[in-house]
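1. Turn this into a model:
(2 chains)
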Amino acid sequence: MFGNRVFSRRSVLQAGAVAVGAGVLAACAPTPAPAPATGAAEQATPPPAGGAVPQLIYYYGTRQMFKDTPLVQEEMNKILRPAIGAEIQLNPIEFAAFNDKMQLKNAAGEKYDLVFTSNWTNNYYDNVRNGILLDITDLLPQLAPQYWSQIKPGVWAAAMVKGRLYAAINQQTWTYNFGPRCPKMYADKYGLDWSKINKLEDMEPYWEAVKKGEPADVKPIGCDDRGSGGVWSIYYRADDLGLGIAMYDLEDEDPEFVFVWDFPRWVETMRMVRRWNEAGYYGKEPWPASEFAAKERAGKYASHFHNNKPGIEAEMKAMTGFEWTAKILAKNYLLTNSIIATMTGVNKKTSSAEACMKYFELINTDKVLYNLLCYGIEGKHWVWVDKEKEVIGWPEGLTAENHPYNPNTDWQFGNQFNAYYTDPSKVGAWEATRKLNEEAPPSPVIGFSFDREPVKTELAQVKAVTDEYITMGIGFLDFDKVLPEYRDRILSAGGDKILAEVNRQLQEWKASR
Amino acid sequence: MGKRRGPSKYRLMRLLSSAAINLALGTIAAVCLIPFWVVIAASFSSERALVESGYSLVPRGFNTLAYRYLLVDSAQVLRSYGVSVTVTLVGTALGLFVMALLAYAISRRTFKLRRALAFYVFFTMLFSGGLVPSYILITQYLRLRDTLWVLFVPHLVIPGWVLILRTYFLDLPEELLEAARIDGCGEWRMFFQIVVPLSTPGLATIGLFAMLMFWNDWFTPLLYIEDQRFYPIQYLLYTIVNNMDFLDRLSQQAGIRVEPPRIPARMAMVVLAIGPILLAYPFVQRYFIQGIRVGSLKG
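-> Here you go, the predicted structure:
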């Protein structure tokens, strides 16, 4: 709640950033790419066209069904057949039904090969526990060496369960990039100078000036009644796994979870936020969450705290129509949840584990193949806008409504940094994002993930309490007065059980490492 | 002319009382209709107007965006209507037939296995295999996935309704059937020409239930249908609206300027989904009235 509001899904969606402007479709360039660097071994067995090659059945989510999926599949197979001696069968399932359908397929022991798995749909840990996913710890480095070396060992560790790996990680934005973003009109008018802003408190003169100079309905800091506008825990170097009531210190090498009120930097932050609120920087009352986007588009705030990933200014401009400026003020860390948010697993019943590994190698290294899956066929689904800079656009006559192939979920398919840009203003964003990912140190407990099942009831009860106090994170409650009551209510809702369970699991995980 | 006074006073009272009754009934009718009208009005409103000023009887910011959004792929919508109508008609007819036969068999006192069979039906009400075994049976043994069949075959017999029908058939006087038999009537003829016509209200009730069930079913396709050709209208709308929420979040992150009309589209979905099934009510109502009119045996 107050702290880390970035839930896994959000980071996935951030990853979806690719499709700017007006999603674009990419596809395979005209030349069927030769398999780059896939071991020569497979080359020896070029399967006869139409012969019995392994069919890799691939389940993934889609926001709607696209009628040209079979065409894209055919194009992909023109590359895959000679390169890895297997063919792919694309089986998109609508996100609305994806989790239910995969659970049933798994429970029924259905045979398939590849599947999208994460911590927000088709749960990775459940799949590992239920023995659905194949252990690829040894196979992957051996059969997909290039892909394996793209990702740091520390990051692979994030996806491991008891030291074993069960899914291939899709590279995307893994960092939280927390900081303020401001409409440029206000920043310029009130002389906001990023070079002088090194922590959130440095924004105070700016907020003060906005409060004095703008009408009352323009908030210095945008906020809503779901707590948006609060300070994320990553800013004070803590990770709460989205629990809200307990967190651990990212700077501690051997951390334990403690209640938020026992975490001094949380208490300080809450007091700071309360001070801002009393100074009127959050306005009279928070907006209803459902209106936040409309207020944003209307330019009703002078700053907001969020994930300022590379290219965010262009994205915000596309969304609101006016200029933006932003700065990252928090140190970035790699957390388990952002890494495991987008992965592809292999089913234990796969017809060819080897072909699956080779598929991973190719989809993560071969731009042509990857963009074919992401955006479709060149000329038919997308055209070059700027070939040198790898910017693509839609052909004449295609719109978001009638596009026959526009999945817009490149983060789901492989290395997002290989995706073509769909908006010229984003050129270079992948490089910058990759750099942020690489520079971010891993959390001291990277790879640890909390199994919520044993304390499901308590979590629900506690959430009811934290929801009630949600505006504490944006200073609308008198923090020092409310805290004792808040603490009591959390404890009586079963907060101590949750803390004990998360620490127990953490100890167990440390022991197994 | 003096005559007119009395009757006119009387007529006035009659007029007043009928006005009062009409007003009362009209109010009740309006109370039933207004929510539906509000839904229709909302489906033609703009999302922003709904968020800012709430629902009203007149569409605010009139537009047809929600319908255009849902009907983008009109060929698919038509096909889905086709699927729904087919499944509803075939499913209802077949289901009613099978259930009536089963219920009739276990209602006949002369049938030896009736207790065993009735228990078998009853048993499945208490214990079922559960979702996963059903799923395995249907997908791996019956191989019904991605077929039209799966949309109605698993729902042909609903045990609870069989028991209702059985109770209905039990009320038919045994003497009537005996009389028919003495006149040389065979079992099939007895069922179709005597039992069925006498039981139209019961059959109509179950038929209506079945029709609604088949029409409203989105869960079966959620489980078993991946091929869009076999999406019934309810499931199609369900996925469009659900995916819209996803798209909305995605687009915020991706910076695409799409504002899917979420609330209006939900309302439009109600309107689209409700349409044809409304016709079922007046159609079935005939049988309720007819059933009541059919007299029973003379003492």
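2. per-residue confidence averaged over the strand or helix carrying residue B:188?
-> Here residue B:188 is covered by helix B:187-189, with elements defined by DSSP states H and E. Per-residue pLDDT values over helix B:187-189 give a mean of 90.
3. Same check on stretch A:247-256?
-> pLDDT averaged over stretch A:247-256 gives 94.
4. quick one: contacts of it?
-> A:3-4, A:233-234, A:237-241, A:257-258, A:260, A:263, A:266, A:333, A:443-445, A:503, A:506, A:510 (CB atoms under 8 Å, 6 or more residues apart in numbering or on different chains). The way it works is simple: take the backbone N, C-alpha and C, and place the C-beta from them, glycine included.
5. quick one: which of the residues you listed sit in strands?
-> A:238-239, A:258 (DSSP state E).
6. Contacts only, for the spatially most central residue of chain B.
-> Residue closest to the mean C-alpha point of chain B, counted by CA atoms, centre = their mean, is residue B:212 at 1.5 Å. The contact partners of residue B:212, taken as CB under 8 Å, 6+ apart, are B:277, B:280.
7. what do you get for residue B:76?
-> B:228, B:231, B:236.
8. if we go to 10 Å?
-> A:65, A:67, B:228-229, B:231, B:233, B:236, B:240 (CB atoms under 10 Å, 6 or more residues apart in numbering or on different chains).
9. contacting residues around residue B:142?
-> Taking CB under 10 Å, 6+ apart, one finds B:136, B:149-150, B:153-154 in contact with residue B:142.
10. Try it again at 8 Å.
-> So residue B:142 contacts residue B:153 (CB under 8 Å, 6+ apart).
11. Now whichever strand or helix holds the residue nearest to the centre of chain B: buried residues?
-> Take DSSP H and E as the rule and residue B:212 turns out to sit in helix B:200-216. Residues B:200-211, B:213-215 are the ones in helix B:200-216 that count as buried (16 or more other CB atoms under 10 Å in any protein chain shown).
12. Between the residues you listed, which sits nearest residue A:404?
-> Of all the buried residues of helix B:200-216, residue A:404 sits closest to residue B:215, with 30.2 Å by CB to CB.
13. Surely the closest one is in contact with residue B:277?
-> Yes - in this structure, residue B:215 is within contact of residue B:277 by CB atoms under 8 Å, at 4.7 Å.
14. Domain parsing of chain B, as residue ranges.
-> B:2-43, B:65-293 (automatic domain parsing).
15. From the chain's centroid, how far away is the first one?
-> Put plainly, it is domain B:2-43. Distance, stretch centre to chain centre, for domain B:2-43: 30 Å (CA atoms, centre = their mean, to the nearest Å).
16. Pull the number of nearby residues for the residue nearest to residue B:240 when sequence neighbours are not counted.
-> Of all residues not flanking residue B:240 in the chain, residue B:70 sits nearest, at 5.9 Å (CB to CB, 6 or more residues apart in numbering or on different chains). For residue B:70, the neighbour count with other CB atoms under 10 Å in any protein chain shown is 24.
17. In contact with residue B:70, which residues?
-> Taking CB under 8 Å, 6+ apart as the test, what residue B:70 contacts is B:77, B:237, B:240, B:265, B:268-269, B:272.
18. Export these as TSV, with columns for secondary structure, neighbour count and pLDDT.
-> Formatted as TSV, the contacts of residue B:70 follow (DSSP: H, G, I helix; E, B strand; the rest coil; neighbours: other CB atoms under 10 Å in any protein chain shown; pLDDT from 0 to 100):
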residue	secondary structure	neighbour count	pLDDT
B:77	helix	18	87
B:237	helix	22	85
B:240	helix	25	80
B:265	helix	22	81
B:268	helix	27	86
B:269	helix	24	84
B:272	helix	21	85
